[in-house]
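Student: make a model of this:
(chains A and B)
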Amino acid sequence: MSKAFFIDTSRCTACRGCQVACKEWQGFPANFTKQLGWGSHQNPPDLNCYNYKVVRFSEHKINNRVLWNFFPDQCRHCLEPPCKAAADHYVKNAVVIDEPTGAVVFTERTKKIPNEGFLSMKEYCPYNIPRRNPETGVINKCDLCFERIEAGHIPMCVKTCPTGAMNFGERGAMLSLARSRLATVKAEFPDASLLDEDSVRIIYLITLKREEYHDLASLKNPVLTRSIG
Amino acid sequence: MTNSWIDIKNTDCCLIIGSNAAEHHPICFKWVMKAKEERGATIIHVDPKFSRTSARSDFHVPLRSGTDIAFMGGMIHYILSNNKYFHEYVNDYTNASFIVNSRYSFNNGLFSGYNPRTKLYNKADWQFETDANGRVKRDPTFRHPNCVINVLKRHYSRYTLQKVSDITGVTRENLLKVYEAFSATGRRDKAGTILYALGWTQHTVGVQNIRTSGIVQLLLGNAGVAGGGVNALRGEPNVQGTTDHAILYNVLPGYLPVPRANMQTLEEYNKLSTPVSNEPESVNWWQNRPKYTVSLLKAYFGNNARSDNDFGYAWLPKADPVKSESEGDYSYMYLYEKIMRGEIKGGSIWATNPANTLPNTNKNREALSKLEFLYISEIHHNETTDFWHGPGMDPKKVKTEVFLFPSCHRAEKEGSISSSGRHILWHFKAVNPKGDSKPMGQIMIDIMKEVIRLYKKEGGAFPEPIVNLNWYRSYDAELIAKRCNGWFTSGAKKGKQLNGFTEFAADGSTASLNWLYAGTFTDEENRMKRMSLEQTPLQKAVGIYPKYAWVWPMNRWILYNRASVDKNGQPWDPSRTIIRWTGSEWEGDVPDGPAPPLGMQGGKNPFIMLKDGLGQLFGSGLVDGPLPEHYEPVETPVRNHGFSGQLTNPCAKILTGDTDKIAQPNDPRYPIVLTTYSLTEHWCGGSETRNVPSLLEAEPQLYVEMSHELAREKGIANGDAVIVESIRGRVEAVAMVTVRITPFKIQGKTVHLVGMPFAFGWTKPGIGDSTNRLTLWAGDPNTSIPEYKACCVNIRKADSVTELSDTPVQEGPGH
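Tutor: Next comes the predicted model:
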């Protein structure tokens, strides 16, 4: 078995059901957030050890047309995870691959990884995903809900999505769904593309140019300016 | 909704106006997206702000808040002047050919019959001409100058693209884009739906906003068809259920009018509340009203309701007759006035947070402090339960004694919930209530039991309505549901549940708390619990599941579905069949009555709840005019609007006391339009969701969305603390500077609009306090719903703030 998500942002309404359901399922506390000095719907502003998933908002006015893009950001569960390579250098098997699902899982052993190792993991991750819990020292991120999957359930964020933006299944099936949706969506959005679909398990479809989402929307062609609404 | 959520998938064009559907009804967008993906439907969002709904629509059209009638009036004009209407439908199923009374007139913004003293109309001139048999005179050739379609054409001829564009701020190109796309559905093989919500109702022209969609949908043949309809989006607050069960002062359950003082006997009530039609093709369903009224009285008073005592009708309270804008109105608007004047000594508040969510909150908070006692049932402490120690209150000086009954959460109790599509579903209990909390129904039953006991023991001024109640021994949600459905009280079937409202009688042999719910709970089963997905191929094609829960009325999924077929009972569009006449009976959805199609012997008109049975392009049902007319919001940035000399709705309910100041039109001190709204992450006034940490994390503080242009003018940067002020109050908020709000060009001048949510309140410290300290007590003349969506404010950068904090604030005791 080898699992994957297909995240169809053309269907995402940024209801943030996925973001909230994820942290509720994990039993995580809320971060203190605010609008003062921030002024954006994107809250919390970034991924953190209590948010494996954050919906990113970016807005633009191009040719007098307003665009508001939503990107439910999370770990991509790379097929060849560089974070694991980095972690193994410090603590062998602190990061493991869950064989039945292919999930890249950070274990409790990540506590033992020194700060230098954590920074190295962050640097190797093309998407800036790993976060460290300052209290426990554990390094964490999305675990694909592999335990739910093995108990016969679908991942929490997928279960919550009302519009069909979040899809889950066998990697082959998700890839063909992604390609067929891309073909359809391209008729309306010529710039639409899939993000790094050959190297990740979390396959995004975006309808506009990568840089119109956020700086780490994809491995390729990163743009370092951020526009948040 | 005339249709249902799932039916949105059947549409070719979805016009979302006065609603932010994706944010406030997130799950409905599943069906909107299906229509787009599977039918190639065009999704249009008309709204002051570019929202998450706009992001998923084909195009967004910004419109100045409060100008929807101008916008929709322009569409009516476009449809009529370009001959885009669905002729066969309009001829057969609307009152287009009816001849309006020759005394009817419309001059300079006023319809005939206006009385400026009472701010009411005498509707005599709005009636139709009748013949010797009392039948309405018609001109099927549409030549008579006063036949409805010509009156309509004349009325809307003023709504030219230029005038509409000038006042709404919508460009001519955008107007045409919407008008063309939507009126393309005026054909038998196309359907268009209109989705609206509080963005339409919360105006002093709220009901007339909705009337415009009724007119458009009738002209285009979109009423009663799959993928069409006039769809009010209601949600989790169970607005559908609460209106069905009459949590409103002016109706009894099942939309029976509340008795007034001029209806002292049941006979008088029946006479004044039961319509009579002389049209042989009209079903005139409300002629059955006396059956529903008597059955309601039997359910209220049990064996104490007898034919020799008018079934206890005398025990129902009688409201004052409506004699002016304010007389006979018992809505919140006048309730708080009465509290301020000391006419109301105490009260109870259930599951609502008026100290945060009603307009001009400063006044309402003060009013609460004038009560002697107040008992409240709530889950969480909020601005109402804790008003006595809120901002500006000195607890030592507040004399109000407050009793707080802890209510359990909805996951901790069972009962029914009615969805927007009129589906009544059973809501199962997930966990037991925490601590001493109880379902509100149980709290209410227990209080009333004690009140009845005391009245029986001690008597009182008028004990009959209380001691004669057919009250409950204990709280049981299913028992109450059974009583809503109704039962036979005598005869061979005594004690058996009713199967539907056709079994109701006016002689006291049936009882029911709500005739519309007859059929929900039969002797066989609680149908609200049904979950079968069984359907016929015909039902499958349009998404009807007749064995899933139950839909009022009579399990009918689409209201007025007899309008989806031609006079011979064949669907306008066979690929979208809801019902079809087989030659001897109907198949598909439950039809609006078993009578054959209109063109056959014994055939009936489709709009069975209307007196004459035909769609009312022109009608006398509303208090403020037979046709919608553009009027400005009570607080407006303009001095004239160009359609008439009548600036605001002449019937609008407006409070103007010392505590209810209103800015003059185009007041230079308050040049910016404020519109208020909800957001996905918080529920209504927010007292529940602010206590859900992951939701407060996602939307943590009160903000005000504004354009980059306005921010530049005012020297405000994104994330700055700002002060928003109206003539009534002042609110601190965080500036959210965004391209999603654009300045409007109104009559050649720039008008700015800002938008704020109303979900934040002081009981969560540091997050901001009630936005409604800015809004005003001006209400729709039909519903008294306040004009939350448009008032005038100014905005400036704050030097310092007290309501907002950028560090966590410790909550006080009791939270």
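Student: all helices of the stretch 501-650 of chain B, in order?
Tutor: Using DSSP state H, counting those that start in this stretch, the helices assigned to the stretch 501-650 of chain B run over residues B:537-542.
Student: how about the strands in it?
Tutor: Assigned by DSSP state E, counting those that start in this stretch, the stretch 501-650 of chain B shows strands spanning B:510-511, B:550-551, B:579-581, B:586-588.
Student: which one of these lies nearest to chain A?
Tutor: strand B:550-551 (21.3 Å; CB to the nearest CB). Every C-beta, even on glycine, is put in place using the N, C-alpha and C of the backbone.
Student: which other helices and strands does that closest one contact?
Tutor: strand B:423-427 (3 or more CB pairs under 8 Å, 6 or more residues apart in numbering or on different chains; DSSP states H and E).
Student: the strand it packs on pairs with which strands?
Tutor: Sheet pairing of strand B:423-427 (DSSP bridges) gives strand B:415-418 (antiparallel), strand B:550-551 (antiparallel).
Student: out of those, which one sits most buried?
Tutor: strand B:550-551 (a mean of 26; mean count of other CB atoms under 10 Å in any protein chain shown).
Student: so, low pLDDT: which residues of chain A?
Tutor: Along chain A, segments meeting pLDDT under 70 span A:1, A:215-229.
Student: ranges for the strands of it?
Tutor: A:3-8, A:54-62, A:65-73, A:95-98, A:103-106, A:131-132, A:139-140, A:166-170, A:193-195, A:202-206 (DSSP state E).
Student: now these as JSON lines including distance to residue B:581 and mean neighbour count?
Tutor: Formatted as JSON lines, the strands of chain A follow (distance: least, CB to CB, whole Å; neighbours: other CB atoms under 10 Å in any protein chain shown):
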{"stretch": "strand A:3-8", "distance to residue B:581": "42", "mean neighbour count": "26"}
{"stretch": "strand A:54-62", "distance to residue B:581": "50", "mean neighbour count": "19"}
{"stretch": "strand A:65-73", "distance to residue B:581": "47", "mean neighbour count": "21"}
{"stretch": "strand A:95-98", "distance to residue B:581": "59", "mean neighbour count": "18"}
{"stretch": "strand A:103-106", "distance to residue B:581": "57", "mean neighbour count": "23"}
{"stretch": "strand A:131-132", "distance to residue B:581": "64", "mean neighbour count": "20"}
{"stretch": "strand A:139-140", "distance to residue B:581": "63", "mean neighbour count": "24"}
{"stretch": "strand A:166-170", "distance to residue B:581": "42", "mean neighbour count": "18"}
{"stretch": "strand A:193-195", "distance to residue B:581": "50", "mean neighbour count": "20"}
{"stretch": "strand A:202-206", "distance to residue B:581": "46", "mean neighbour count": "25"}
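Student: with mean pLDDT added, can I get the strands paired with strand B:423-427 in a markdown table?
Tutor: Shown next, in a markdown table, are those (pLDDT from 0 to 100):
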| stretch | mean pLDDT |
| --- | --- |
| strand B:415-418 | 94 |
| strand B:550-551 | 98 |
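Student: I'd say residue B:93 and residue B:607 touch.
Tutor: Yes: between residue B:93 and residue B:607 there is a contact at 7.3 Å, judged by CB atoms under 8 Å.
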